[in-house]
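>>> Have a look; sequence and predicted model below, questions after that.
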Amino acid sequence: MEMAPALPGREPEELRRVEDEARRAIEESHRLEEERRVKEQAVREAEEACRRAEEDRQQMERMRDEAEHAREAAEAAAAEARAQQETAERLLREGARPVVVPSVEQFREAKQRLEYQEGYTHIAVTGVAGSGKSSLINALRGLNNGERSAAPTGIVETTSTIAHYPDPDPKKRVVWYDVPGAGTLTVPDWVYFTDQGLYVLDCILVLFDSRFTATDVAILRNCERFRIPAFVVRSKARQHVRNLVVDMGDNDSDSETEDGQQGDGGGP
């Protein structure tokens, strides 16, 4: 700082006093400026703290609302699950069967497991064990039992998992599926259709021997529900016709015998 020039008639002490006052004024100005800067910084920090506190409060409210919504959704889902379970148990007690709806993931898994190919027709043959499913598939494929690439056949059920057989003629683009008989699996008849993944196929043949079973009925009902064409095929029809002929023949013979006995008894 430049010192003021000495004034004529002023004592040196007066000059020093003026200089000291000027210096103190400058220092006071600097101090006040620093205080102002510190206060402004404190205000900014306080405002920032308030802003963060408000954001934290809003975040906590959002988290509380989300937790409340999640709790309500969980309670609603649990209540719906309990209601569905109670309905299913009631239907079971009443003899009805609950509807089993496969999920999107189950659809994808079933197509992968059954080697479903777009552009092909996939036909399943179902029926009780020993009804002749494999023989029917071989006949529809134009093969005899025992031929190479023919479906294995036997008196007992030879299928424990779904087996698929492409048609020998590649131009037909047809795949046949030999489905295990329901009697060989430890699943209820009403989940048999879904458990086997039949809902992804294009057509189903229900093969029966002498009588319809609960599984056959469940399959046909599910085919209707999934809009899958279904056909009922009677196996071993020739043997049934022969049995009917024999039964009818025995009845005729019995009637003739009774008529002859009555005639003999009524003669002279």
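Cool, got the structure.
>>> From here on, just use CA atoms for contacts and neighbour counts.
Will do.
>>> since we're on residue 174, how many residues are nearby?
Residues near residue 174, counting by other CA atoms under 10 Å, number 18.
>>> for residue 176, same thing?
24.
>>> And what about it, helix, strand or coil?
Here residue 176 is strand, with the state taken from DSSP: H, G, I helix; E, B strand; the rest coil.
>>> Which strand residues bridge it?
residue 123, residue 165 (DSSP bridges).
>>> Kindly state the domain boundaries assigned to this structure.
18-82, 104-238 (automatic domain parsing).
>>> ranking these by burial, who's on top?
Mean neighbour count (mean count of other CA atoms under 10 Å) peaks for domain 104-238 among these, with a mean of 17.
>>> Okay, now that domain: how far is its last residue from its first?
44 Å (CA to CA, to the nearest Å).
>>> residues touching residue 230, list them.
Residue 230 is in contact with 203, 204, 205, 206, 220, 223, counting by CA atoms under 8 Å, 6 or more residues apart in numbering.
>>> Of these, which belong to helices?
Of these, the ones assigned to helices by DSSP state H are 220, 223.
>>> And the residue nearest the centre of the chain, how far from residue 227?
With distances taken as CA atoms, centre = their mean, the residue of the chain nearest its centroid is residue 103 (2.0 Å). Distance of residue 103 to residue 227, computed by CA to CA: 17 Å.
>>> same deal with residue 162?
Applying CA to CA to residue 162 and residue 227 gives a distance of 21 Å.
>>> do the same with residue 107
When residue 107 is compared with residue 227 (using CA to CA), they lie 15 Å apart.
>>> cool, residue 143 as well?
30 Å.
>>> same question, residue 138
26 Å.
>>> And the helix or strand residue 26 falls within, what does it pack against?
Using DSSP states H and E, residue 26 sits in helix 12-93. Applying 3 or more CA pairs under 8 Å, 6 or more residues apart in numbering; DSSP states H and E, we find helix 12-93 packed against no helix or strand.
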